[in-house]
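K.L.:
Return atomic coordinates for the entry below.
(2 chains)
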Amino acid sequence: MTPEPTGRLERAVRFTLLGGLLISAALLLGGLARILVVGEPRPDLLHPAVGALIRAALGGDGGALAELGLWMLVATPGLRVAVLFVGWTVAGDGRFAIVAAAVLALLVASASLGLG
Amino acid sequence: MILPTPIAALGLLAAGVATGLLGGMLGTGGGFFLIPVLVLGFGMPMHYAVATSIVSVIATSSAAASTHVERGTANMRLGMVLEVATATGAIAGGIGAGWISARGLEGLFAAVLVPTAALMWRGRASERSSVPDEDLPDEAPGRLGGHYVEAGGRSVRYRVRRVWAGLAVSFVAGNLSGLLGIGGGVFKVPALRVACGVPMRAAAATSNFMIGVTAAASAFLYLGRGEVQPAVAAAVVLGTVAGSLLGAGLSPRIHPRAIEKLFAVLLWIVAAQMAARAIHLETW
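P.N.:
Numbering: from 1, shown residues only, chains lettered A, B, ... in the order given. From the prediction side, this is the model:
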């Protein structure tokens, strides 16, 4: 089977990668600007809940905004794997869909280990 | 939280641009360049530098891979198969970091990198290997093989050989990524090129495609431990995104042999650095 050069799946993958990157870059830029302007970092928190981070970011906390950007960035490769899983499943390419599911499971396991 | 001054933030941004540029052109994450810059240039503690590097590696990969995927040079099927090994290795590396001597591993890096760099410099794979870069008009590329069109319009088809070797090297590269915060592209690109017979441009693009997953597998652990400093990482990542997009754009204008030569020089530098650290000579 010859992989087609730039098909629908390739465009979906590109959109996912660029979308994740742009959202995280916007959050990081906003957070960094806020941190540099205000200059008052929030206390370090381990395993902050996403809800708490979003509330802090909406309250003008630059550190929380940047941290949300980092989470988005780290999640982007996993989203790309999920897109390929769906794409290969829909295309009936079961063998590679299973491989993508295995990679996705490994990433979920890693996130579980990291966040306890 | 480490709070950079505006001047330091600009410096971190510049370091990120340089890292992304290298990564985008060479198919690596650029961590081997960024970590010494952060530790030596910015006085950052080593474990924070490693954590920052692993996050920036994801940015490099995502930015460059999006371009490579659009161009058709990144082999997504091969990349996904190898990601099983590389993600497993990264998780094992993250868990085993406390058990294995880092200096012992650095010595092993140096030992593996030197002959690999020599192979890349001599261009053995592209000039004397039985697996040429040219199109294979009479041979189907198989399920894992690929096809892409060069900037000049030349079509290149290739078969993937010795997948087991690619899986083995990907596992080791993922393991090292989990331990040291690098993307592991320095190992994956030569393995794809020399062992699997993938053309240099496709090898670099596929490596970049894989590196994001490798780095994400360990980044979850670093983020969970609170070792990623948001302000510092934000400045570096923003620079990395710009540099990666630029690097991936420049990549087709550079001849594969030039990329191989540049890559070989970088491998020797990293090898010397690793060897020095392994014998307790502090280089950063």
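
K.L.:
Residue B:142 - nearest residue in space that isn't next to it in sequence?
P.N.:
Leaving out its chain neighbours, the residue that sits closest to residue B:142 by Cβ to Cβ, 6 or more residues apart in numbering or on different chains is residue B:159, at 5.4 Å. For glycine as for every other residue, the C-beta is placed from the backbone atoms N, C-alpha and C.

K.L.:
how many neighbours does the one you found have?
P.N.:
Neighbour count of residue B:159, defined by other Cβ atoms under 10 Å in any protein chain shown: 16.

K.L.:
next one: phi and psi at it?
P.N.:
Main-chain torsions, residue B:159, degrees, to the nearest 10: phi -100, psi 150.

K.L.:
likewise residue B:146?
P.N.:
phi -140, psi 180.

K.L.:
And the residue nearest to residue B:142, what's its pLDDT?
P.N.:
What the model reports as pLDDT for residue B:159 is 87.

K.L.:
how far away is it from residue B:75?
P.N.:
11 Å (Cβ to Cβ, to the nearest Å).

K.L.:
counting contacts, what elements does the one helix or strand residue B:94 maps to pack onto?
P.N.:
For residue B:94, the host element (DSSP states H and E) is helix B:76-96. Under the contact criterion of 3 or more Cβ pairs under 8 Å, 6 or more residues apart in numbering or on different chains; DSSP states H and E, helix B:76-96 touches helix A:8-38, helix A:62-90, helix A:94-115, helix B:163-180, helix B:200-224.

K.L.:
any idea of the angle it forms with helix A:94-115?
P.N.:
30 degrees (axes from the mean of the first three to the mean of the last three Cα atoms, to 10 degrees).

K.L.:
most packed of the helices and strands packed on helix B:76-96?
P.N.:
Ranked by mean neighbour count, those are led by helix B:200-224 with a mean of 30 (mean count of other Cβ atoms under 10 Å in any protein chain shown).

K.L.:
Next SSE downstream of it?
P.N.:
Assignment by DSSP H and E places the next element after helix B:200-224 at helix B:230-250.

K.L.:
quick one: that following helix to chain centroid distance?
P.N.:
15 Å (Cα atoms, centre = their mean, to the nearest Å).

K.L.:
Stretch A:102-116 now?
P.N.:
Centroid displacement of stretch A:102-116 relative to its chain, using Cα atoms, centre = their mean, is 13 Å.

K.L.:
Just the mean pLDDT for that stretch, thanks.
P.N.:
89.

K.L.:
Excluding its own residues, what touches that stretch? List them.
P.N.:
Contact with stretch A:102-116 is made by A:47, A:77-78, A:81-82, A:85, B:80, B:83-84, B:87-88, B:90-91, B:94-95, B:213, B:216-218, B:220-225, as judged by Cβ atoms under 8 Å, 6 or more residues apart in numbering or on different chains.

K.L.:
Go again with 6 Å.
P.N.:
With Cβ atoms under 6 Å, 6 or more residues apart in numbering or on different chains as the test, stretch A:102-116 has contacts from A:47, A:78, A:81, B:83-84, B:87, B:91, B:217, B:220-221, B:224.
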